[in-house]
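1. When you get a sec, could you give me coordinates for this:
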Amino acid sequence: MPAELEFSAEDLAQLRFAVSPMWQLGTGFRLLRTGAAHPVHRSWLDQVRPRVAAAGLDAGWLAELVPATGYCPDFLNPAPAGPAPALVEELDRIRATPAAVVRRELDHLAHHHGRLGPRLRTLYADPGARLARVAEEIEAFWEVAIGPYWARIRAVLDADVFHRARQVAEYGPGRLLNELHPAMSWAQGTLRLVRRRHTLERGTAGQGLLLIPSVFKGPGLSTRVSLPDPPQLAYRARGTGTLWERRPVRGGEAVAAVLGRSRTRLLTELDSPASTTDLARRTGISAAAVSQHLIALRSAGLVSAHRAGRSVLYARTAVADSVLAAADSALHAAADPA
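-> Predicted coordinates for the structure are as follows:
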């Protein structure tokens, strides 16, 4: 029997989308844990896996909290209060999880996956102190694996939400819920999830529905049900298949006239995150000069920096992508004034 969630007019009025950093981080870590080469995420896995291992993040708190499959503690995915919370906001919510909730969900984890590991036993004994350690490791994993790619990931997530929101505006929420995923169907005010093993009802699920796209999600749906929060439903974002495609930069000449050739060259090289040493090797610019240029680009909001062990990874920001895209558009318009 499929799980069924009934909707009142008030529940429909509270249906919303959110872009959640923790939903990306948790599903990304799970993908790393499987150890398989993924047809879409292979390039990301190849870049990130050595960094995660070098930092010891493949055998820490997250390794015990996030199994390769099945149940993951719900406190790692607090319901986003707004459409796009920052990671720091979600970490504040995780640190503030009541001890009774942490212990109940760790009991659930042990029931599904066997006895708790050594770190989780200390978390069970003293959630207030140990949640701070968990949050520190989450931040470290973010800096190594998600943060340097966030501008690219966020663009896919935002595009998905825009598409779905337009679908709601043009055809109503019923059509959205009917077409979001093959495992979902909507009829007569009721949402049916055909592969959910447990019951799903308003008495235990809270009001509304929170839809969360993720680029690292597998083909199935993930749900989080924890009163008083609205039920969360995470799904694979549309456009994920193009996430890691190399983005051609055609507006470089125009941008170089403003930023200079060296800084523009560095921006084009940062299609994938890289360290100062990597950039110096690729471009032939001295490491000292690369460092100076990166400081200037970071001050202008065109580059972000992320600590990865003893080195720092630099990444092109959404602002830089917009500048390069605008220059490309201007060149096309000048070439074809009609």
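2. For residue 16, give the beta-bridge partners.
-> Assessed by DSSP bridges, residue 16 has beta-bridge partners residue 210.
3. could you measure it against residue 22, distance?
-> Look at residue 16 and residue 22: by Cβ to Cβ, to the nearest Å, they are 17 Å apart. Where C-beta positions appear, they are placed from N, C-alpha and C, glycine not excepted.
4. between those two, which one's more packed in?
-> Counted by other Cβ atoms under 10 Å, residue 16 and residue 22 do not tie: residue 22 has more neighbours, with 22 against 16.
5. What pLDDT is listed against the more buried one?
-> Note on residue 22: pLDDT of 96.
6. hang on, it is in a helix, isn't it?
-> Yes: assessed by DSSP: H, G, I helix; E, B strand; the rest coil, residue 22 belongs to a helix.
7. Who are the contact partners of it?
-> 76, 77, 78, 87, 90, 94, 138 (Cβ atoms under 8 Å, 6 or more residues apart in numbering).
8. residue ranges with poor pLDDT in the stretch 51-200 of the chain?
-> 195-200 (pLDDT under 70).
9. do that again at 80, thanks
-> Along the stretch 51-200 of the chain, segments meeting pLDDT under 80 span 193-200.
10. for it, what spans make up the strands?
-> Residue ranges of the strands in the stretch 51-200 of the chain, as given by DSSP state E, counting those that start in this stretch, are 184-187, 190-193.
11. outside of the last one, which residues touch it?
-> What that stands for is strand 190-193. By Cβ under 8 Å, 6+ apart, strand 190-193 touches 2-7, 177, 183-186, 200, 209, 221, 223.
12. looking at the strands of the stretch 51-200 of the chain, which is closest to residue 171?
-> Among the strands of the stretch 51-200 of the chain, strand 184-187 comes nearest to residue 171, with 11.8 Å by Cβ to Cβ.
13. roughly how far is that closest one from the heart of the chain?
-> Centroid separation for strand 184-187 versus its chain: 26 Å, with Cα atoms, centre = their mean, to the nearest Å.
14. same question, stretch 177-184
-> Mean-position distance between stretch 177-184 and its chain equals 21 Å (Cα atoms, centre = their mean).
15. what's in contact with it?
-> In contact with stretch 177-184 (Cβ under 8 Å, 6+ apart) are residues 164, 167, 185-186, 191-195, 211, 220-221, 235.
16. ok, 7 Å please
-> 185, 186, 191, 192, 193, 194, 195, 220, 221, 235 (Cβ atoms under 7 Å, 6 or more residues apart in numbering).
17. most surrounded residue in the residues you listed?
-> residue 191 (25 neighbours).
18. who does that residue bridge with?
-> Beta-bridge partners for residue 191, by DSSP bridges, are residue 5, residue 186.
19. where's it relative to residue 289, distance?
-> Distance from residue 191 to residue 289, by Cβ to Cβ: 57 Å.
20. number of nearby residues for residue 78?
-> Residue 78: 22 surrounding residues under other Cβ under 10 Å.
21. ok, it touching residue 92?
-> No: Residue 78 is beyond contact range of residue 92, at 8.9 Å (criterion: Cβ atoms under 7 Å).
22. Buried residues, the longest helix belonging to the chain. List them.
-> Secondary structure assigned by DSSP state H gives helix 150-171 as the longest helix of the chain. Going by neighbour count (16 or more other Cβ atoms under 10 Å), the buried part of helix 150-171 is 150, 151, 152, 153, 154, 156, 157, 158, 160, 161, 164.
23. Convert the C-alpha atoms of that helix to PDB, please.
-> Output of helix 150-171 as PDB, limited to C-alpha atoms (Å, rounded to 0.1, in the frame of the first residue of the first chain):
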ATOM      1  CA  TRP A 150      28.600  25.800  -4.600                       C
ATOM      2  CA  ALA A 151      28.100  28.500  -7.300                       C
ATOM      3  CA  ARG A 152      27.700  25.800  -9.900                       C
ATOM      4  CA  ILE A 153      25.500  23.600  -7.800                       C
ATOM      5  CA  ARG A 154      23.300  26.500  -6.700                       C
ATOM      6  CA  ALA A 155      22.700  27.500 -10.300                       C
ATOM      7  CA  VAL A 156      21.200  24.100 -11.100                       C
ATOM      8  CA  LEU A 157      19.100  24.100  -7.900                       C
ATOM      9  CA  ASP A 158      17.800  27.600  -8.500                       C
ATOM     10  CA  ALA A 159      16.900  26.700 -12.100                       C
ATOM     11  CA  ASP A 160      15.000  23.700 -10.900                       C
ATOM     12  CA  VAL A 161      13.000  25.800  -8.400                       C
ATOM     13  CA  PHE A 162      12.300  28.400 -11.000                       C
ATOM     14  CA  HIS A 163      11.000  25.800 -13.400                       C
ATOM     15  CA  ARG A 164       8.800  24.200 -10.700                       C
ATOM     16  CA  ALA A 165       7.500  27.500  -9.500                       C
ATOM     17  CA  ARG A 166       6.500  28.500 -13.000                       C
ATOM     18  CA  GLN A 167       4.800  25.200 -13.400                       C
ATOM     19  CA  VAL A 168       2.700  25.900 -10.300                       C
ATOM     20  CA  ALA A 169       1.900  29.400 -11.500                       C
ATOM     21  CA  GLU A 170       0.700  28.100 -14.900                       C
ATOM     22  CA  TYR A 171      -1.000  24.800 -14.100                       C
END
